[in-house]
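coords below, sequence missing:
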């Protein structure tokens, strides 16, 4: 038997606002759209909290939303453009675009229900950028905490 993670549905208070954020700010493409539920191609889904609560708990859910203990993680092959779009659209910024000590650029937003959303460049792009910037495989390995063989494998692609 194999169990495979396929996505993370989150409860939302306002489907219209949630869809606007995920489809416009994050550029997600709806795959399944029903009354009160939208699943996106990347695996995240939004579920209107009253409908979700009724199906799961037998009564509409009216508790708090958002979270401080997990984040939804997305990657972008053009982190600067993703940051530009989020800024242009007025998304609520938790952390502006910055480079982490291991070299990865990312930023964090809050969706309309205060869920923490991180958008980062893929680590393969980080390795390629650092190598293109003149760092050696050993230097990239130390900075990214990746073994030299992994850095070499990424460089060979």
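Noted; the coordinates are in hand. Since we're looking at a predicted model, the values are computed, not measured.

which residue is nearest the middle of the chain?
Taking C-alpha atoms, centre = their mean, the centroid of the chain lies closest to residue 74, which sits 2.3 Å from it.

For it, which residues are in contact?
The contact partners of residue 74, by C-beta atoms under 8 Å, 6 or more residues apart in numbering, come to 26, 42, 44, 117-120. Backbone N, C-alpha and C define where each C-beta goes, glycine included.

sec struct for it, please.
Under the three-state scheme (DSSP: H, G, I helix; E, B strand; the rest coil), the conformation of residue 74 reads as strand.

Just the helices from the protein, written as ranges.
Ranges of helices in the chain, per DSSP state H, are 15-20, 49-57, 79-88, 123-132, 137-144, 148-156.

related to what we said a few turns ago, which of the contacts of residue 74 are buried?
Among the contacts of residue 74, those that count as buried by neighbour count (16 or more other C-beta atoms under 10 Å) are 26, 42, 44, 117, 119-120.

any idea which of these is least confident?
Of all those, the one the model is least sure of by pLDDT is residue 42, with 87.

what two of the contacts of residue 74 have the greatest distance between them?
Greatest spacing in the contacts of residue 74, by C-beta to C-beta: 44 and 120 (14.9 Å).
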